[in-house]
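Student: generate a structure from the sequence data that follows.
(one chain, ligands or ions: 1)
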Amino acid sequence: MIGNLNHVAIVVPDLAAAGDMYRNNFGADVSEPKDLPDQGVTTVFVNLPNTKIELLHPLGEDSTIAKFLSNNPKGGIHHVCYEVQDIHAAIDSLTADGMTVLGDGKPSIGAHGLPVIFLHPKDAFGTLIELEEVA
Ligand code: CO
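Tutor: Residues are numbered from 1 along each chain as shown. Take a look at the predicted model:
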């Protein structure tokens, strides 16, 4: 079922400073910030040869990552995202195995315009896992 690592998401207190670190200290290809109001985040992508790092900062009062940042004021790894070919088949299989899909249990459209779900960290050894359907 599981495919490539699509990205690792890191919540940071200062997107510009974090982007500058990857650009200037590591020589990485770093995107411009992009606001995703529906998800309550601003994102910057660090494009690596084999995967991406997604830098996240809260956008708006109700951001789902605001609490994470207040608990981790210096920033921290938030989730990992794995690619799957068929997200509905993945949901059926994982929930049959007793894992919990967050939210209403149905895919939403993620940062890349593709269907995503999140699995509860309690079922995954403390890691919040995002699955993204790729064609
Ligand atoms: Co993500």
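
Student: so how far is Leu119 from His88?
Tutor: The spacing between His88 and Leu119, counted by Cβ to Cβ, to the nearest Å, is 14 Å. In this view, the C-beta of every residue, glycine as well, is placed from N, C-alpha and C.

Student: any chance you could map the helices in the chain?
Tutor: 15-20, 66-71, 87-96 (DSSP state H).

Student: His88 and Leu119: which has the busier surroundings?
Tutor: Set side by side, His88 and Leu119 show more neighbours around Leu119, with 22 against 13, by other Cβ atoms under 10 Å.

Student: quick check: bridge partners of the more buried one?
Tutor: On the basis of DSSP bridges, Leu119 is bridged to Val101, Ile129.

Student: now swap in Val84 and tell me
Tutor: Applying DSSP bridges, one finds that Val84 bridges with Glu133.

Student: how near is it to the ion?
Tutor: 14 Å (Cβ to the ion, to the nearest Å).

Student: can you count the residues close to that residue?
Tutor: Neighbourhood size, Val84 [other Cβ under 10 Å]: 23.

Student: same thing with Ala90?
Tutor: 21.

Student: not counting sequence-adjacent ones, nearest residue to it?
Tutor: For Ala90, the nearest residue in space outside its immediate sequence neighbours is Val84; the separation is 4.6 Å by Cβ to Cβ, 6 or more residues apart in numbering.

Student: okay if I get the helices of the chain as JSON lines plus mean pLDDT?
Tutor: Formatted as JSON lines, the entries for the helices of the chain read as follows, by pLDDT from 0 to 100:
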{"stretch": "helix 15-20", "mean pLDDT": "98"}
{"stretch": "helix 66-71", "mean pLDDT": "95"}
{"stretch": "helix 87-96", "mean pLDDT": "98"}
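
Student: show me which residues of this protein are close to the ion?
Tutor: Ala9, Cys81, Glu130 (Cβ under 5 Å from the ion).
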